[in-house]
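**Student:** sequence first, then the predicted structure, then my questions.
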Amino acid sequence: MTGAHTGSVRFNDYRFRDTWFLPAPGHAVFDAVVDLEHYPRWWPDVRSVRKVDADTAELVCQASLPYRLVIRLHRAEQDESAGRLRVHLDGDLEGSLAARLFARPGGTRLDITQEVVATKPLLRGLAPVARPLFRLNHALMMRRGRLGLLAFLT
């Protein structure tokens with residue numbers, strides 16, 4: 001990944017890991033997570049979704065900070081029997097997002113890993129001072145996503 005550098009710090013590179021426990025069967029979680037077009041129904045920070053083709057969708061996201069991200073997700077892997085999903089991202093963020101589902105007593109654990117580079121000029125320019133805010137913004141967005149999906153599935 002590339003990014004602005006000061007010493008060994010790569011201000012525009014981000015790696016996020018989230019784990020969600022959802023009291024729902026794996027097939028229901030998988031179905032909801034692969035159905036990008038319906039994300040705005042349960043994830044308030046996903047403002048719109050436009051289907052580009054059978055494997056690609058463009059999402060417009062805005063969390064707590066006053067900027068929007070336009071991100072294209074292109075399906076790289078979708079294997080329900082193995083509980084694996086992976087998409088390539090481009091647009092205001094470039095990189096990948098992978099998800100793994102694991103059956104657990106009383107529901108499903110969803111592990112999400114994102115490795116991205118911020119390409120949006122605003123984010124790149126402010127990253128040296130605002131990186132902690134960007135990480136917090138992401139954490140709040142993921143929290144609202146988990147709560148929204150939890151409500152959607154129950």
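**Tutor:** Received it, and whenever you're ready, just let me know what you need.

**Student:** now the helices for the chain?
**Tutor:** For the chain, applying DSSP state H gives helices covering 26-34, 39-42, 121-153.

**Student:** rebuild these as CSV, extending it with mean neighbour count.
**Tutor:** Using the backbone N, CA and C atoms, a C-beta is placed for each residue, glycine as well. Shown next, in CSV, are these (neighbours: other C-beta atoms under 10 Å):
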stretch, mean neighbour count
helix 26-34, 17
helix 39-42, 17
helix 121-153, 16
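
**Student:** and these: which comes nearest Arg104?
**Tutor:** helix 26-34 (9.3 Å; C-beta to C-beta).

**Student:** which other helices and strands contact that closest one?
**Tutor:** strand 84-91, strand 93-104, strand 107-118, helix 121-153 (3 or more C-beta pairs under 8 Å, 6 or more residues apart in numbering; DSSP states H and E).

**Student:** dump the ones you listed into a markdown table; add mean pLDDT and distance to Ala57 as well.
**Tutor:** Shown next, in a markdown table, are those (pLDDT from 0 to 100; distance: least, C-beta to C-beta, whole Å):
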| stretch | mean pLDDT | distance to Ala57 |
| --- | --- | --- |
| strand 84-91 | 98 | 9 |
| strand 93-104 | 97 | 12 |
| strand 107-118 | 97 | 16 |
| helix 121-153 | 95 | 16 |
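
**Student:** any chance of JSON lines for those, columns distance to Trp43?
**Tutor:** Below are the helices and strands packed on helix 26-34 laid out as JSON lines (distance: least, C-beta to C-beta, whole Å):
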{"stretch": "strand 84-91", "distance to Trp43": "15"}
{"stretch": "strand 93-104", "distance to Trp43": "14"}
{"stretch": "strand 107-118", "distance to Trp43": "13"}
{"stretch": "helix 121-153", "distance to Trp43": "5"}
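
**Student:** ok, which of those comes nearest Arg10?
**Tutor:** strand 107-118 (8.5 Å).

**Student:** and that closest one, how far from the chain's centre?
**Tutor:** With C-alpha atoms, centre = their mean, to the nearest Å as the basis, strand 107-118 stands 7 Å off its chain's centre.
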